[in-house]
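# The following comprises the amino acid sequence and a computationally predicted model.
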Protein chains: 2
Amino acid sequence: MKLEEAKQEFIQSWGILGSQWGINRTMAQVHALLMISGKPLSTDQIMDELSISRGNANMNIRELMNWELVEKVIVAGDRKEYFNAEKDVWKVATRIMYQRKKKELDPMLKVLDRIGNIDGDRRNADIKAFTETIHNIQTFAAQAEKTLDTVIRAEENWFWGSFMKLFK
Amino acid sequence: MKLEEAKQEFIQSWGILGSQWGINRTMAQVHALLMISGKPLSTDQIMDELSISRGNANMNIRELMNWELVEKVIVAGDRKEYFNAEKDVWKVATRIMYQRKKKELDPMLKVLDRIGNIDGDRRNADIKAFTETIHNIQTFAAQAEKTLDTVIRAEENWFWGSFMKLFK
DNA sequence: ATTAATTTTCATTTATTATTGAAAATTCAG
DNA sequence: CTGAATTTTCAATAATAAATGAAAATTAAT
């Protein structure tokens, strides 16, 4: 398969995948483009490759930098800014998980803390169902959080690293 | 806190969380409502609690049944259908992961298989960057898949279960 | 300091996604 | 069967999210 064709297919698929998971399609496409690029790209190059406006490119590049998936690269003797994506897929995955947890899961967990204690008789089926579900979500989230922390540290953890291999 | 107020807050938060992750807000709200309900609810009760139309309620209930998160309950002597949600949060999480993998990740991986082999010189920086990124995503996905399978089987797996406790 | 290059902002427009509600289809009790 | 209750469908509408593009702000070379 020709590179140009394959690149376009990858960018489109990554965009669709992102949009299915609540990530702006263009942001996912910019990310895809930078991940498969052999060198950093300028805003104009990104606009051109993806046929998007300057404003759109700028906003999504900046958001990718917030997520720590893309970094600015200074090229000596060039006024323009260039952008480079993290290419280690493991780092990409853990950073996305970390950011989404912080921005989306944690606010939910704060709500659960606030609403977990209900006035009234605990024998009441409705109160029981509510309280137990809230509590179970909290317990699950706490476990998931520990696991995420462990996974994020896995690269620097010889034990987890070699243990994981057992499950491959 | 009063039960009714707490229920509403939970339903709203769960809806927001869902929409951030690419799940129809109403579908998440119906799911929330059924998870915290002490008893199965009819379509009319769901419409009433969430102030939504019949069509909307029907579509989202059906989608939740597709996801195997909600089941139909027949009440003797009642023409109406009632609905009940899976309340085990662990099962809820693994079912969601399994369904989303099947419907969203797998199609992406099929694309990667198709576009992974590129014509041309492998020394070329662009071809190299592309090929390596695709391959790394495939490798990562294969690992994640194994892990998900293991996790899904964890309930019936004494070893994983007790091992996980070490990381709590 | 001037100004040309570049980046950022944001009101307006466009595209996408979700909801409604009424008609059609289905179900089931008598 | 009949018809009332219930569920399902889907074209039309509404709500939400994303993209544009030109003006404003910033940057840096001379």
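On my side now, so go ahead.

# And the residue in chain A that DNA strand D sits nearest to, its phi and psi?
Nearest residue of chain A to DNA strand D: A:Gly55, at 1.9 Å (C-beta to the nearest atom of the strand). For the C-beta atoms, the positions are set from N, CA and C on the backbone; glycine is no exception. Dihedral angles of A:Gly55 (phi, psi; degrees, to the nearest 10) stand at phi -60, psi -50.

# before we move on, what about the one 5 residues further on?
Phi and psi for A:Asn60, reported as degrees, to the nearest 10, are phi -70, psi -30.

# confidence score at it?
Reading off the confidence values, A:Asn60 has pLDDT 98.

# quick one, what contacts it?
When the contact criterion is C-beta atoms under 8 Å, 6 or more residues apart in numbering or on different chains, the partners of A:Asn60 are A:Asn24, A:Thr26, A:Met27, A:Val30.

# I'd say the second one and A:Leu50 touch.
Yes: distance between A:Thr26 and A:Leu50: 7.1 Å, which falls inside the contact criterion (C-beta atoms under 8 Å).

# could you say which helix or strand contains A:Thr26?
Take DSSP states H and E as the rule and A:Thr26 turns out to sit in helix A:25-35.

# In chain A, which helix is the longest?
helix A:125-152 (DSSP state H).

# Can you list the buried residues in it?
A:126-127, A:129-134, A:136-137, A:141, A:143, A:151-152 (16 or more other C-beta atoms under 10 Å in any protein chain shown).

# what's the answer for stretch A:83-93, then?
For stretch A:83-93, using 16+ other C-beta under 10 Å, the buried residues are A:Phe83, A:Ala85, A:Glu86, A:Val89, A:Trp90, A:Val92, A:Ala93.

# a markdown table for these, including secondary structure?
Converted to a markdown table, these look like this (DSSP: H, G, I helix; E, B strand; the rest coil):
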| residue | secondary structure |
| --- | --- |
| A:Phe83 | strand |
| A:Ala85 | strand |
| A:Glu86 | coil |
| A:Val89 | helix |
| A:Trp90 | helix |
| A:Val92 | helix |
| A:Ala93 | helix |
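
# one step back: quick one: which of the contacts of A:Asn60 is nearest to chain B?
Ranked by distance to chain B (C-beta to the nearest C-beta), the contacts of A:Asn60 are led by A:Asn24 at 11.3 Å.

# Pick out the residue nearest the middle of chain A.
Compute the mean C-alpha point of chain A, and by C-alpha atoms, centre = their mean the closest residue is A:Ile96, 2.2 Å away.

# so A:Val30 makes contact with A:Arg62?
No: A:Val30 sits out of contact with A:Arg62 when judged by C-beta under 8 Å, with a separation of 10.4 Å.

# Please say which of those two ends up with more neighbours.
The neighbour count for A:Val30 versus A:Arg62, taken as other C-beta atoms under 10 Å in any protein chain shown, is higher for A:Val30 (33 against 14).

# Show the pLDDT at the more buried one.
We note a pLDDT of 98 for A:Val30 in this prediction.

# Find the nearest non-adjacent residue to it, please.
Spatial nearest neighbour of A:Val30, chain neighbours left out: A:Asn60 (5.0 Å); criterion: C-beta to C-beta, 6 or more residues apart in numbering or on different chains.

# next one: A:Ala125
A:Ala125 sits nearest to B:Gly38 (C-beta to C-beta, 6+ apart), 3.5 Å away.

# Measure how buried that neighbour is and give me the count.
Neighbours of B:Gly38 (other C-beta under 10 Å): 13.

# can you pull the contacts of it?
A:Asn124, A:Ala125, A:Asp126, A:Ile127, A:Lys128, A:Ala129, A:Phe130.

# Dump these to CSV, plus pLDDT.
Listed next are the contacts of B:Gly38 as CSV, based on pLDDT from 0 to 100:
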residue, pLDDT
A:Asn124, 96
A:Ala125, 94
A:Asp126, 96
A:Ile127, 97
A:Lys128, 97
A:Ala129, 97
A:Phe130, 98
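
# All set now, cheers.
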